[in-house]
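In: Got a predicted structure plus its sequence, pasted below:
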Amino acid sequence: MHGDILEIPSSLTFKCLHIWAEPNDKGNIFDPTPPLQPAQKRVGDYVVTSHCLGSGSFATVHLAVNKHKHRQVACKTIKARKGHELSQVWKEVKILLSLNHPNINRVYDVDQNGNFLHIFLELCTGGDLFTYIISHQETENRLCEGEAKYIMFQLLKGLTYLHDKLISHRDIKVRPLNFVRRYKLNLDQPENILLYTPGPYPRIQIADFGLARPKAYQETLNVCGTVSYLPPEGILALDNKHLGYVGMPSDCWSAGVILFIMLSGFHPFDYDASSDSDWLEVVPDSQELDLLDLQQDTQCSQFSQSYARNENRVKQRILSGEIEFKDSIWRNLPRARDLVGRLLIRSPLNRGTVYSSMQSAWIADDLPALEAAYFDRVLAGP
């Protein structure tokens, strides 16, 4: 921030100065309007800036600073339109406040102001997992086995912590957004698997607990999440309101889908490529659909029809268990393929758990190296 001192011990000292030009008067009415300076708002012990890190249907995330603790954070601001919505948000907050794990996005503080709820979260500066995966264009959007294993190890660590507390996330995913490219839509929405800092072999954090459920061993009739990451029992419950499903096996199914994506570069059930894109055609969830600003009726109709057709295809593939393990990719990954297969078993009773996955041969092969890297890069980090 302006006036902050940065000092390298026994070396140089720098002072941060924010430089900006005062706006000039317009010469005529067609001159461009000078941009406004970044706005700031005081909320409790924090200064919330106008720098937006992401936005969704019900929340925006801005960069904020706690000057007393010299810490940058992410401020998730939620505006509740009705009283019951605020109580639902408080349910998420209470779950988050009870969590403390290196692979769970941490909540520092909460502040309520009327219908606005401000949640101050640990700041992740490395982007999201999906963006990281598709940045590997030289390897056809695939991560190398070692890096995928390190990320999966952390994901399982975080899920194990949650499941030990009988909490299910119910919306673990990476969100491929080809339909945004196809229809040239502007959609800026935060992911829920974040990278703590940029760089290879990143530390990940599970975020966005809006759909999380305590007492996750109990069956629920409330199906939520993204269709292409729902397990078969979730798909059945989605179309048959009298059926329910359990959250923890659903998390394990989603983890299997993510592992498949990291190693293959495409979704195991949602892999229809569009003519103008080289990645997935993805089924958006209901919140994503709320964000779509389709400006032409023809375009809206085209999208709706394409979405409905693709959604039905994905549902049928999930229910039938149609998974194609391309030999060119999986031939040299037999143990990874075995883990994916165990996590994507149709029956939730027979499906792999986070505990069995941590003991799988694929993880066990490199467990000492994984534990050492985890200690050096996560536990012993700043």
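Out: Noted; the coordinates are in hand.
In: in the stretch 201-350 of the chain, which spans are strands?
Out: 204-206, 219-220, 245-246 (DSSP state E, counting those that start in this stretch).
In: Need the distance between the two termini of stretch 118-127.
Out: One end of stretch 118-127 to the other measures 21 Å (C-alpha to C-alpha, to the nearest Å).
In: State the mean pLDDT of that stretch.
Out: Mean pLDDT, stretch 118-127: 93.
In: just how off-centre is it within its chain?
Out: 12 Å (C-alpha atoms, centre = their mean, to the nearest Å).
In: cool, and stretch 162-175?
Out: That offset, for stretch 162-175, works out to 11 Å (C-alpha atoms, centre = their mean).
In: buried sites along that stretch?
Out: 162, 163, 167, 168, 169, 170, 171, 172, 173, 174, 175 (16 or more other C-beta atoms under 10 Å). Backbone N, C-alpha and C define where each C-beta goes, glycine included.
In: Could you single out the nearest of those residues to residue 214?
Out: The shortest approach to residue 214 among the buried residues of stretch 162-175 belongs to residue 167, at 5.5 Å (C-beta to C-beta).
In: Am I right that that closest one is in contact with residue 214?
Out: Yes. Counting by C-beta atoms under 8 Å, residue 214 is a contact partner of residue 167 at 5.5 Å.
In: Overlap of the contact sets of those two?
Out: residue 95 (C-beta atoms under 8 Å, 6 or more residues apart in numbering).
In: who are the neighbours in contact with residue 352?
Out: 252, 256, 339, 342, 343, 345, 360.
In: The last one reaches residue 340, doesn't it?
Out: No. Here residue 360 does not reach residue 340: they are 10.1 Å apart, not a contact under C-beta under 8 Å.
In: So the two - more neighbours on which side?
Out: residue 340 (25 against 18; other C-beta atoms under 10 Å).
In: mind checking how far that one is from residue 329?
Out: 11 Å (C-beta to C-beta, to the nearest Å).
In: And the closest residue in space to residue 103 that isn't next to it in sequence, which helix or strand is it part of?
Out: Closest residue to residue 103 apart from its sequence neighbours, by C-beta to C-beta, 6 or more residues apart in numbering: residue 158 at 3.5 Å. Per DSSP states H and E: residue 158 is located in helix 145-164.
In: Which neighbouring elements make contact with that helix?
Out: strand 204-206, helix 247-264, helix 334-343, helix 354-358, helix 361-364, helix 367-374 (3 or more C-beta pairs under 8 Å, 6 or more residues apart in numbering; DSSP states H and E).
In: Flag every buried residue along that helix.
Out: For helix 145-164, by 16+ other C-beta under 10 Å, it's 145, 147-163.
In: Now do the shared contacts for residue 340 and residue 329.
Out: residue 263.
In: Specify the local secondary structure of residue 47.
Out: strand (DSSP: H, G, I helix; E, B strand; the rest coil).
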